[in-house]
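Student: Quick one: sequence and predicted model below, then my questions.
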Amino acid sequence: MTVVKLDSEGRCRLPAEALEALGVAPGDNLLLEVSDGKVVLSPPPPALVPAPGAGLRSAINLKNLETPVRFIKGVGPKLAELLAKKGITTIEDALYHLPARYEDRRSFRRLAELRPGSVEVFHAEVRSAGAVVSKGGRSLFEVTVADDSGTVVLKWFHCNPRYMKGVWRTGRRGIFTGEIVRYGARLEVHHPEVDWLAEGSDLASVMADDPVNFGRAVPVYPLTEGLQQKALRKVLKEVVDGFTPAVETLLPRAVLERQSLMPLAEALAGVHFPDDGADMELLNRRATNAHRTLAFDEFFFLQLGLALKRRGNSLEEGIPFAITHKYTRLLLKALPFPLTAAQKRVLTEIRQDLAAPHPMHRLVQGDVGSGKTVVALLSALLAVENDCQVAIMAPTELLAEQHYLTIHRYCEELGIPVRLLTAGVKGKERTATLAAIASGEVPIVVGTHAVIQDKVEFSRLGLGIIDEQHRFGVLQRGTMKKKGSNPHILVMTATPIPRTLALTVFGDLSLSVIDELPPGRSPVATRVCFEAQRAQVYQLIRDEVKAGRQAYIVYPLVEESEKSELRAATRMAEQLDAEIFPDLRVGLLHGRLKPEQKEAVMRSFKSGEMDILVATTVIEVGIDVPNATVMVVEHAERFGLSQLHQLRGRVGRGTGRSRCILLAGARLSDEGERRLRVMEETCDGFRIAEADLELRGPGDFLGTRQAGLPDFRVASILRDGRIMEDARQEAFELVERDPLLLGGEHAPLREELMRRWGGRLELAGVA
Ligand code: ADP
Ligand code: MG
């Protein structure tokens, strides 16, 4: 601590360490705030640096939404810190911190009119209060409050009775809020909120004096420890009153009219402090026009970005392929099966794209086992027929290796060289592979994300295929594109992405769906089992093996890199091998094995030298052994449903009847069990995906942020699917009419679009 002496005119010199701590230098501006009797110095944000001579007031009058909330009246350093914990640092953050629900405090119900089951606000007087012991022996604090129509009992289960006794004095009057519960004839509220009325004050004047908290539909915000509802409401009232007039509506007027939307400022004001006539039910479902307007606004900008991107793609010059049938016809002959109608249809769509003068950007969606690999291979051959190179990228080494083996096998017959490129390909072999790719001597490269790394140069990349795209993000797609000059891009996913999600993450791609499985597949009979049934489960495996089949036992590794987890899987494999199935051949497959080891294990399982394969989720995607007919998943509750569906897709690939046993751990919750039961009911990946999306939310569903799923501040892709469709249509139409957003009303849209989505959608090149 340092004492700073003021000179005769009240000026002082700040010591160097203070300047350093503030991050300012002599000659810079400093912001001085006086709040709650404390003085705070801080460097002002650039937007607030006043023009010479102008005061702070005028800076705030700029109404810049990036102004820190600290500048709001009543927000001191402590409150600012609490707000920051809720992600609120600027005015804009505050405006988009929406109420979680609303309470109707326009008028108070008389006690006789309270409705059990709903959250009510009522005015009453304390009649009696004291600690009591319940029949079950629990001590609690009970208060009876009344008005002239009836009584309600308030209860607290955890509190300090001495303190409560002091607060809940007979005769005190307050406004109470809480959920009404009925016990026989009696109404109760547990842990109510209370606003006390000063002695002698009348309700009408209290309500009139506090128009933020009473006499209206009151917003109830998500809080954090230490942050009070009323304090936050007060901040938001300041923010809404002071700043919404500065919020510009950027959506074109025609769109607003067609969609019956409100100006953005009105919508923001309306969601925080609804009009007197607001419908509580609509408010609480977030279905008011104000809510809809905000959600639309949010979706609109995303879709605008996607529309521009799609258009940008379609304007690029591509490499139109000639269709020669040279290799494809040979491959179709070599395949041991005819293509399904769905595969044929999708291939026709791909062929049309490839023949066009602009690069293809197509997503092929098809449930596990629908036969995407063949579609990829046939597409690759179209490129090879046109003297172009193809890069096929898979999310794991194991899958890359498997694709490599499949593709290599067919291509060998056709005389087309294929190379594998993963992190496991090292040293001389890697150098040789890179050289062969660069010279163009290798037409097909299969690998992991290693194929899009800096070092890899293609001589003439014509097609990039990305398998199981949900594991990759938008960025990988971009990087793949840059490996050639506008190559065609084909992405494939087995995750049946619900439509709204698909429109969000893949909204710039055209979509093909393989909606048919090859004939002869029967659904995988699935059962949830518990520890007590383990012996039966092992017997089942035994029976299948005796019948000449093979089995998977899947062990969850949350973190593949965690040694302890890996040990658990390893130990389990050893135990199964030595004690449970000493007479059978048990193998182990996990992500930490060297590529050669993995390949050796897979090969021996595939060729039937091994009966049981204990594996981690490395087998989740794409492993293909038709003779495997049973899968047991340990600790099934640790997996997402879509992941279980992927896993289960490893069996049921042949024509035999297949089974999947989901072994639940001991601590399975009711909710967890309900979740797993979905797997028993359906093998429809789409329904499972929707259930998963509902249960886990979109972020989790796709696994990672990386998947390119945007965070919405207001909209929910679950709740607001309809709004998304409307916004998409408007955005795409707008880009159709004004592809460069040059119209007078449209220029600000472009700026806002870049601000919100520029980086994340890789829009730099298109807007
Ligand atoms: P996924 O769509 O999950 O990637 P795959 O491409 O791995 O599916 O195909 C699953 C299995 O189905 C493979 O064994 C493949 O050879 C086989 N298959 C693909 N297409 C057909 C078809 N039209 N008829 C019969 N079997 C097919
Ligand atoms: Mg596949």
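Tutor: Yes, it's here. Ligands and ions are numbered 1, 2, ... in the order given.
Student: Return the distance of the closest residue to R253 other than its chain neighbours relative to ligand 2.
Tutor: The shortest distance from R253 to any non-neighbouring residue, by C-beta to C-beta, 6 or more residues apart in numbering, is to E745 (7.3 Å). C-betas here are computed from N, CA, C, even on glycine. Computed as C-beta to the ion, to the nearest Å, the E745 to ligand 2 distance reads 46 Å.
Student: go on, L306?
Tutor: Applying C-beta to the ion to L306 and ligand 2 gives a distance of 26 Å.
Student: same deal with A600?
Tutor: 22 Å.
Student: Enumerate the positions of stretch 643-658 that are buried.
Tutor: The neighbour-count check on stretch 643-658 (16 or more other C-beta atoms under 10 Å) flags 643-654, 656, 658 as buried.
Student: Check whether that stretch comes near ligand 2.
Tutor: No: figure legend: stretch 643-658 not in contact with ligand 2 (C-beta under 5 Å from the ion); closest approach 8.9 Å.
Student: Identify the residues contacting that stretch?
Tutor: The contact list for stretch 643-658, computed with C-beta atoms under 8 Å, 6 or more residues apart in numbering, reads 367-369, 494-495, 520-526, 549, 552, 554, 617, 619-621, 623-631, 633, 636, 639, 659-660, 662, 676, 679, 683, 685, 688-689.
Student: Report the distance from the helix or strand harbouring S205 to the chain centre.
Tutor: According to DSSP states H and E, S205 maps onto helix 203-209. Averaging C-alpha positions (C-alpha atoms, centre = their mean, to the nearest Å) puts helix 203-209 44 Å from its chain's average.
Student: ok so, going back, so what's the residue nearest to R253 scoring on pLDDT?
Tutor: Looking at E745, its pLDDT is 82.
Student: what does V206 give?
Tutor: The model's pLDDT for V206 equals 80.
Student: What count of nearby residues applies to it?
Tutor: V206 has 19 neighbouring residues, counting by other C-beta atoms under 10 Å.
Student: Can you give me the separation between it and G743?
Tutor: 53 Å (C-beta to C-beta, to the nearest Å).
Student: For ligand 1, what is the nearest residue in the stretch 551-700 of the chain?
Tutor: D624 (4.6 Å; C-beta to the nearest ligand atom).
Student: Now that residue: closest residue in space that isn't a chain neighbour?
Tutor: Nearest residue to D624, sequence neighbours excluded (C-beta to C-beta, 6+ apart): R653, at 6.1 Å.
Student: Now name the helix or strand holding the one you found.
Tutor: Under DSSP H and E, no helix or strand contains R653.
Student: Also A569?
Tutor: helix 563-575.
Student: Next secondary structure after that helix?
Tutor: Next helix or strand after helix 563-575 toward the C-terminus (DSSP H and E): strand 586-589.
Student: is the very next helix or strand once past that next one anywhere near ligand 1?
Tutor: Once strand 586-589 ends, the next helix or strand along the chain (criterion: DSSP H and E) is helix 595-606. No: Helix 595-606 lies out of reach of ligand 1 by C-beta under 6 Å from any ligand atom, never closer than 10.9 Å.
Student: what separates the residue of the stretch 151-300 of the chain found nearest ligand 1 from R719, distance-wise?
Tutor: Residue of the stretch 151-300 of the chain nearest ligand 1, by C-beta to the nearest ligand atom: F299 (30.7 Å). For F299, the distance to R719 (C-beta to C-beta) stands at 12 Å.
Student: how about the strands in the stretch 651-767 of the chain?
Tutor: Using DSSP state E, counting those that start in this stretch, the strands assigned to the stretch 651-767 of the chain run over residues 659-663.
Student: which bits of it sit near ligand 1?
Tutor: Near ligand 1, when you scan the stretch 651-767 of the chain using C-beta under 6 Å from any ligand atom, you find R653.
Student: The stretch 301-450 of the chain against ligand 1: which residues are in contact?
Tutor: Of all the residues in the stretch 301-450 of the chain, those lying near ligand 1 are 337, 339-340, 343, 366, 368-374, going by C-beta under 6 Å from any ligand atom.
Student: Next step: these restricted to strands.
Tutor: Judged by DSSP state E, those include G366 as members of strands.
Student: mind putting the residues of the stretch 301-450 of the chain next to ligand 1 in JSON lines, distance to ligand 2 included?
Tutor: Shown next, in JSON lines, are those (distance: C-beta to the ion, whole Å):
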{"residue": "F337", "distance to ligand 2": "16"}
{"residue": "L339", "distance to ligand 2": "15"}
{"residue": "T340", "distance to ligand 2": "15"}
{"residue": "Q343", "distance to ligand 2": "13"}
{"residue": "G366", "distance to ligand 2": "8"}
{"residue": "V368", "distance to ligand 2": "7"}
{"residue": "G369", "distance to ligand 2": "8"}
{"residue": "S370", "distance to ligand 2": "9"}
{"residue": "G371", "distance to ligand 2": "8"}
{"residue": "K372", "distance to ligand 2": "5"}
{"residue": "T373", "distance to ligand 2": "5"}
{"residue": "V374", "distance to ligand 2": "10"}
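Student: Neighbour-wise, which one of the residues of the stretch 301-450 of the chain next to ligand 1 leads?
Tutor: That'd be S370 among those, by other C-beta under 10 Å, with 27 neighbours.
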